[in-house]
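**Student:** Take a look and give me a structure for this.
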Amino acid sequence: MQESLNHLAYFNIEGEMIVASAHRNPDKVRDLGINAQKNGFGVIIAAAGMAAALPGVVSAYNSFLAAGYWH
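**Tutor:** Predicted structure coming up:
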């Protein structure tokens, strides 16, 4: 995820890294998804592990692009 922030910074795009789990912190993920646009976000880059649940959960709560990144 730090590499994603580095790329955004290169293009003078503000970014923020928030750690949350679709399995361990579902309420936090829901709140982040619901409030993302109100808080100025236009895209969410969701890094996920093997289950890859985070991008899908995030995109369920807003109408803009939630890009999934599996590692």
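
**Student:** burial measure for residue 42, as a count.
**Tutor:** When neighbours are counted by other C-beta atoms under 10 Å, residue 42 registers 9. C-beta here means a position set from N, CA and C on the backbone, and glycine is covered the same way.

**Student:** Extract the C-alpha trace of the helix or strand encompassing residue 3 and format it as CSV.
**Tutor:** For residue 3, the element it lies in under DSSP states H and E is helix 2-10. C-alpha atoms of helix 2-10 as CSV (Å, rounded to 0.1, in the frame of the first residue of the first chain):
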residue,chain,number,x,y,z
GLN,A,2,2.9,2.4,0.6
GLU,A,3,3.8,2.0,-3.0
SER,A,4,0.3,3.1,-4.0
LEU,A,5,0.7,6.2,-1.9
ASN,A,6,4.1,6.9,-3.5
HIS,A,7,2.5,6.7,-7.0
LEU,A,8,-0.3,9.1,-5.9
ALA,A,9,2.2,11.5,-4.5
TYR,A,10,4.3,11.4,-7.7
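
**Student:** Now do it, average pLDDT.
**Tutor:** Computed over helix 2-10, the mean pLDDT rounds to 91.

**Student:** Could you give the number of residues near the nearest residue to residue 14 once chain neighbours are set aside?
**Tutor:** Leaving out its chain neighbours, the residue that sits closest to residue 14 by C-beta to C-beta, 6 or more residues apart in numbering is residue 8, at 7.3 Å. Applying other C-beta under 10 Å, we find 15 residues neighbouring residue 8.

**Student:** separation between residue 8 and residue 27?
**Tutor:** When distance is defined by C-beta to C-beta, to the nearest Å, residue 8 is 27 Å away from residue 27.

**Student:** for residue 41, same thing?
**Tutor:** Counting by C-beta to C-beta - residue 41 and residue 27 are separated by 18 Å.

**Student:** Have a look at the two and say which one is more surrounded.
**Tutor:** Taking neighbours as other C-beta under 10 Å, residue 41 and residue 27 compare with residue 41 leading, 18 against 8.
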